[in-house]
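# have a look at this fold, sequence not included:
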């Protein structure tokens, strides 16, 4: 299955707004490739062809029903939860005695213990970052990890503030488990999540001294958007969340700190607690459109998340998704199924026009090009330099995404990282990292194993099939450039020749898009 030359491809004058499912005859190689990139991190030629042969409904349901695909669970015991444990009562009593007595020797021992724990925890955080990137690369359930990454940016929480790696891992597991479940359940879980409670200081929120941070962000960033709540709603919401804290690694409801009085939030009056607060949010007419706009921005195109600013096709699509979300009582699967099957999702104006995030760029290179994983530390350092540090989002707003991913510095790192993944060589901070793992990309090109072709396949066919897979299009005269570059090192049909083609193809501007 091939892709038409982009020389003959004309942009549509009108964006397809239909939310009806794409027809089987409209779903081919290009559409299956698009689906794998947007609902995952790309795929091999074989995977793309499989989904294309299945047709849209079976392909989308396969990605959505990831719980039916066997894969190792993210175990609660995979990482050490004791590293940053608080002092025991006995230890705390000894610490207090040392403070009162001015016993510097004992106090220094406590400080050294704390510093050692912090070093161990930073090391464990590094291991958790490695673990998640590895999981994204290896998982046969790509949409599960793509949704987890979405919620990580939506409910942005930073290790830099929390300084407890296990709490970050615990939140990651929670987001994965609810990634395609019910949005209401996600909100109820996030107001009980130790990492979020610490990040937004709700562990200090008590009836005698309310802290408004979580209440504000719960509405502004997590559910409603700006302008759809009042300052009074924030103050009353904070009262509803008083006493919501944690002990060790679990949520703890400190009843004596909770404000039992009547609250008035978003037009609802009553003795509301955290769940009552969430329920009033879910009843708001602004909640479903806000979440659907965020999903649209992540999976389809860069748009404002304030639905008041949306126009035309995008506004109609978000309204349609919002209606589905409300009818399903905030179940996410029906919304995502409607989106991923819609004719709008496969409109030419949508396909191949979204800037890859750093994670999509790196994970996608391994999953679609079969490059060696190389050195994970080098790759994760590159993600940091490109602006997407996992477990370290820049603020509670998460990552801006879209055009914000690209500037002179990040583009240089993006291209260098791709060179490293293909060749094993990368310059970084005056050092050259070299990985000798051999990379043979001949399996990327179907014609290399076509029994109907005697001898080496035609050079133009190799170039076209490679562009179909790697770029999803055939830029004007790009095939000639690929063949010319391959001839300089070896035959275009050789391992070295195709590797040169891959290197040149990934350096093209189109490769930065998906």
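It's in. From a predicted model like this one, the values you see are computed outputs, not experimental measurements.

# tell me the secondary structure for the nearest residue to residue 365 once chain neighbours are set aside?
Take residue 365 and drop its neighbours on the chain: the residue closest to it by CB to CB, 6 or more residues apart in numbering is residue 421, 5.0 Å away. All C-beta atoms are positioned from the backbone trio N, CA, C, and that covers glycine. Three-state assignment for residue 421 (DSSP: H, G, I helix; E, B strand; the rest coil): helix.

# counting neighbours, what do you get for residue 421?
Using other CB atoms under 10 Å, residue 421 has 26 other residues around it.

# surely residue 362 meets residue 379?
Yes. Using CB atoms under 8 Å, residue 362 makes contact with residue 379 at a distance of 5.5 Å.

# which one of the two has more residues nearby?
Legend: neighbour count by other CB under 10 Å for residue 362 and residue 379, higher for residue 362 (30 against 23).

# now the nearest residue to residue 442 once chain neighbours are set aside: how far from residue 501?
Excluding the flanking residues, the one nearest residue 442 by CB to CB, 6+ apart is residue 448, at 4.8 Å. Look at residue 448 and residue 501: by CB to CB, to the nearest Å, they are 12 Å apart.

# neighbour count winner among the two?
Using other CB under 10 Å, the more surrounded residue of residue 448 and residue 501 is residue 501, with 27 against 18.

# so what secondary structure elements neighbour the helix or strand hosting the more buried one?
For residue 501, the host element (DSSP states H and E) is helix 495-506. In terms of contacts (3 or more CB pairs under 8 Å, 6 or more residues apart in numbering; DSSP states H and E), helix 495-506 is packed against helix 358-369, helix 408-423, helix 459-470, helix 478-489.

# for those, give me JSON lines that also has mean pLDDT.
As requested, those are exported to JSON lines (pLDDT from 0 to 100):
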{"stretch": "helix 358-369", "mean pLDDT": "99"}
{"stretch": "helix 408-423", "mean pLDDT": "96"}
{"stretch": "helix 459-470", "mean pLDDT": "95"}
{"stretch": "helix 478-489", "mean pLDDT": "90"}
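
# and the ones you listed, which is most packed in?
When the helices and strands packed on helix 495-506 are scored by mean count of other CB atoms under 10 Å, the highest mean neighbour count falls to helix 358-369 (a mean of 24).

# report the distance from that helix to the chain centre.
Centroid displacement of helix 358-369 relative to its chain, using CA atoms, centre = their mean, to the nearest Å, is 12 Å.

# I'd like the numbering to begin with 2 instead of 1 from here.
Renumbered: residue one is now 2, and that last one reads helix 359-370.

# quick one: contacts of it?
Here helix 359-370 makes contact (CB atoms under 8 Å, 6 or more residues apart in numbering) with 37-38, 41-45, 134, 137-138, 143, 150, 357, 372-374, 380, 383-384, 387-389, 391, 406, 411, 415, 418-419, 422-423, 442, 445, 470-471, 503, 507, 513, 515.

# coming back round to it: mind listing what's buried along the helix holding residue 502?
Using 16 or more other CB atoms under 10 Å as the test for burial, helix 496-507 gives 498, 499, 500, 501, 502, 503, 504, 505, 506, 507.

# OK, contacts around the nearest residue to residue 342 once chain neighbours are set aside?
Once flanking residues are discounted, residue 342 sits nearest to residue 22: 4.3 Å by CB to CB, 6+ apart. Residues in contact with residue 22 (CB under 8 Å, 6+ apart) are 57, 58, 342, 343, 344.

# now residue 22. Its backbone dihedrals?
phi -60, psi 140 (degrees, to the nearest 10).

# please apply the same query to residue 394.
phi -60, psi 150.

# now do it against residue 400, distance only.
Applying CB to CB, the value for residue 394 to residue 400 is 6 Å.

# touching both of these two, which residues are there?
Joint contacts of residue 394 and residue 400 (CB under 8 Å, 6+ apart) are 154, 157.

# ok so, going back, find residues that contact each of residue 449 and residue 502.
Common neighbours of residue 449 and residue 502, counting by CB under 8 Å, 6+ apart, are residue 463.

# show me where this protein has strands.
Ranges of strands in the chain, per DSSP state E, are 245-248, 251-254, 264-266, 269-271, 426-429, 432-435.

# how about the last one: buried residues?
By neighbour count, and taking 16+ other CB under 10 Å as the criterion, the buried residues in strand 432-435 are residue 434.

# swap in the third one?
By neighbour count with 16+ other CB under 10 Å, strand 264-266 contains the buried residues 264, 266.

# my guess is residue 417 meets residue 424, correct?
No. Look at residue 417 against residue 424 with CB under 8 Å: they stay out of range, at 10.5 Å.
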